[in-house]
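**Student:** Structure, please.
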Amino acid sequence: MYLKRILWAIALIGLLVFGAFAYYIYGAMFEPNTKFNNDSAFINISSKDSYEDVKAQLEPLLKDISSFDALAKQKKYTTNIKAGRYTITKGMNNNDIINSIRSNNIPVKLSFNNQHTLEDLAGRISRQIDADSVSLVKAMKDETFLAENGFSAATALGLYLPNSYEFFWNTSAEGFRDKMLVEYKRFWNADRMEKAKALNLTPNEVMTLASIVHEESKQADEQPRVAGVYLNRLRIGMPLQADPTLKFAAYQLPKYKNTVIRRVLNVHKDIDSPYNTYQNKGLPPGLIAMPDLSAVKAVLNPESHKYLYFAADAKRVGYHKFAKTLAQHNNNARAYQRYLSSKGINK
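**Tutor:** Residues are numbered from 1 along each chain as shown. Below is the predicted model of the structure:
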């Protein structure tokens, strides 16, 4: 009888312990464990992150990090971290959280435009995905990659068409570059290739000219006319005489570092550079900045006219006056120079 009571006591204690454990497990798995007020929160897990790094991100978002920790160990998440960007919805339990950060990597909307150099672009991209700017620049400038895909150091920026794209946050530098090559090839479809051929330009040359057009005019409705002027000059063998290329050439010199050239002067026209389109005929070796797609489309669909010159219009800021003769152009240019002088802009 005494032994029987002992066995019953042991069984009862076992049931109580099991019940308490089951209750703990149930709570750890199925009780809501978020404490943020928004509808959702996001965490970014790098390929270099450890489980402790993930916990550090989660701790401010959860009511009880210890219950999450216990379940994560039981489900072996601690040794199977997945890089990416993940969402945690308000009211989620630990089981749902672990399932989400294990398998629900969500894409991010990545965008860029108007970057003047690959370094600028890398900096912009590194703020939107996990890849750092150093690795991005290295991937973008990889000589083997450029040569295999018809680019040079001077034309490499033309690969990156400004727009919005979907990427996974944990995309590598090479992964970003390679997807942009796919987007570039998609952009250069048969129709656009035919238009470039009709202009006697390669895609790289279209991008180079578009970069000049974009630096000359940010007005999408005027860009086809500006493109038409430059194409007219190229057609007759006249130097492009593009002021933005002089600025680009100047900025490569120590003398002009950390300066802003607001007025192109004769001294700039004497700079010895392949980007000096006053001294050299034809297109420069590559892009001087990243053009908007509007400028690229303007080059491919230029306005047909007989203008050979244009000068900034003081009465319509951002626009230009166009001329067919040098005499008419000189009058327009002098009017704008007087405007600059009246504003005290001398350099």
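**Student:** Retrieve the pLDDT associated with L326.
**Tutor:** pLDDT for L326: 92.
**Student:** For Y184, which non-adjacent residue is spatially closest?
**Tutor:** If the residues on either side of it in the chain are set aside, Y184 comes closest to L159, at 5.2 Å by Cβ to Cβ, 6 or more residues apart in numbering. C-betas here are computed from N, CA, C, even on glycine.
**Student:** mind checking how far the one you found is from N104?
**Tutor:** 31 Å (Cβ to Cβ, to the nearest Å).
**Student:** can you confirm K321 is in a strand?
**Tutor:** Yes: with the criterion set as DSSP: H, G, I helix; E, B strand; the rest coil, the secondary structure at K321 is a strand.
**Student:** check contacts around it.
**Tutor:** The neighbourhood of K321, defined by Cβ atoms under 8 Å, 6 or more residues apart in numbering, consists of 310-313, 332, 335.
**Student:** please redo it, this time with the cut-off set to 10 Å
**Tutor:** Applying Cβ atoms under 10 Å, 6 or more residues apart in numbering to K321 gives the contacts 307, 309-315, 328-329, 331-333, 335-336.
**Student:** now swap in V229 and tell me
**Tutor:** Shown here is V229, whose contacts under the criterion Cβ under 10 Å, 6+ apart are 213, 216, 240, 242, 302-303, 305-310, 320, 322-323.
**Student:** what kind of secondary structure is H305 in?
**Tutor:** Going by three-state DSSP: H305 is coil.
**Student:** element containing the nearest residue to it once chain neighbours are set aside?
**Tutor:** Across the structure, with Cβ to Cβ, 6+ apart as the measure, the residue nearest H305 apart from its sequence neighbours is G228 (5.3 Å). Using DSSP states H and E, G228 sits within helix 223-236.
**Student:** now swap in T245 and tell me
**Tutor:** helix 243-251.
**Student:** Run through the neighbouring helices and strands of that helix.
**Tutor:** Helix 243-251 sits against helix 203-216, with contacts defined as 3 or more Cβ pairs under 10 Å, 6 or more residues apart in numbering; DSSP states H and E.
**Student:** Tell me the pLDDT of the most centrally placed residue in the chain.
**Tutor:** Closest residue to the average C-alpha location of the chain: F112 at 3.4 Å, with Cα atoms, centre = their mean. Confidence per residue is given as pLDDT, and for F112 that number is 96.
**Student:** any idea how far it is from P162?
**Tutor:** Between F112 and P162 the computed distance is 6 Å (Cβ to Cβ).
**Student:** list the residues that contact both of those two?
**Tutor:** By Cβ under 10 Å, 6+ apart, F112 and P162 have these common neighbours: 121, 290.
**Student:** picking up where we left off before, so what's the residue nearest to the centre of the chain up against?
**Tutor:** Counting by Cβ under 10 Å, 6+ apart, F112 makes contact with 120-121, 123-125, 128, 160-165, 180, 290.
**Student:** again, only using 7 Å
**Tutor:** If you count contacts by Cβ atoms under 7 Å, 6 or more residues apart in numbering, F112 has them with 121, 124-125, 162.
**Student:** for those residues, which one is nearest Q57?
**Tutor:** The shortest approach to Q57 among the contacts of F112 belongs to I125, at 22.0 Å (Cβ to Cβ).
**Student:** Break down the stretch 151-300 of the chain into its helices, ranges please.
**Tutor:** 173-187, 190-198, 203-216, 223-236, 243-251, 293-300 (DSSP state H, counting those that start in this stretch).
**Student:** okay, the angle between the fifth one and helix 203-216?
**Tutor:** Looking back up the chat, that one is helix 243-251. For helix 243-251 against helix 203-216, the angle by axes from the mean of the first three to the mean of the last three Cα atoms, to 10 degrees is 90 degrees.
**Student:** which residues sit against helix 243-251?
**Tutor:** If you take Cβ under 7 Å, 6+ apart as the criterion, helix 243-251 is touched by 212, 215-216, 256, 261, 264, 268-269, 271, 273, 275-278, 284, 288.
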